[in-house]
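Visitor: Have a look at this fold, sequence not included:
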């Protein structure tokens, strides 16, 4: 989970990774990256001595941030998002 977001929720244990939304364990099909995050999470769960435990992982996302965040967006908005966009732009009925 992204450290800034999880800090807002005051989670008792946190493994910090700066990955795009929807990819808490890493790149799809990158078993080594996913395993490193999972092992760090289990290790923190085992070794944390109380609330507020945090371990930041120094794993870089291999795609620049702007491209990565754009890429996880679907090609077409969901019906709910489409309806909200139409309401915001005045293109749909209320």
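Guide: Arrived safely, thanks for sending. Predicted, not measured: the structure shown is a model, and the values here were computed from it. Numbers count the residues shown, from 1 in each chain.

Visitor: burial count for residue 11?
Guide: Residue 11 has 16 neighbours, counted by other C-beta atoms under 10 Å. In short, each C-beta sits where N, CA and C put it, glycine included.

Visitor: low-scoring stretches of this structure, by residue?
Guide: 1-7, 92-94 (pLDDT under 70).

Visitor: Quick one: the helices in it, in order.
Guide: With DSSP state H, the ranges of helices along the chain come out as 3-8, 31-47, 65-71, 79-89.

Visitor: can you tell me how far residue 30 sits from residue 81?
Guide: Computed as C-beta to C-beta, to the nearest Å, the residue 30 to residue 81 distance reads 28 Å.

Visitor: and the closest residue to residue 41 other than its chain neighbours, how many residues sit next to it?
Guide: In space, not counting the residues next to it along the chain, residue 41 is nearest to residue 15; the distance is 4.8 Å by C-beta to C-beta, 6 or more residues apart in numbering. Residues lying near residue 15 (other C-beta under 10 Å) number 24.

Visitor: wait, what's in contact with residue 15?
Guide: Listed by C-beta atoms under 8 Å, 6 or more residues apart in numbering, the contact set of residue 15 reads 1, 37, 40-41, 44, 54-57.

Visitor: which of those residues sit farthest apart?
Guide: Put simply, by C-beta to C-beta the two of these set farthest apart are 37 and 54, 14.1 Å from each other.

Visitor: Who has more neighbours out of the two?
Guide: The neighbour comparison of residue 37 against residue 54 (other C-beta under 10 Å) goes to residue 37, with 18 against 15.

Visitor: so that one makes contact with residue 27?
Guide: No. Using C-beta atoms under 8 Å, residue 37 and residue 27 do not qualify as a contacting pair, with a distance of 10.5 Å.
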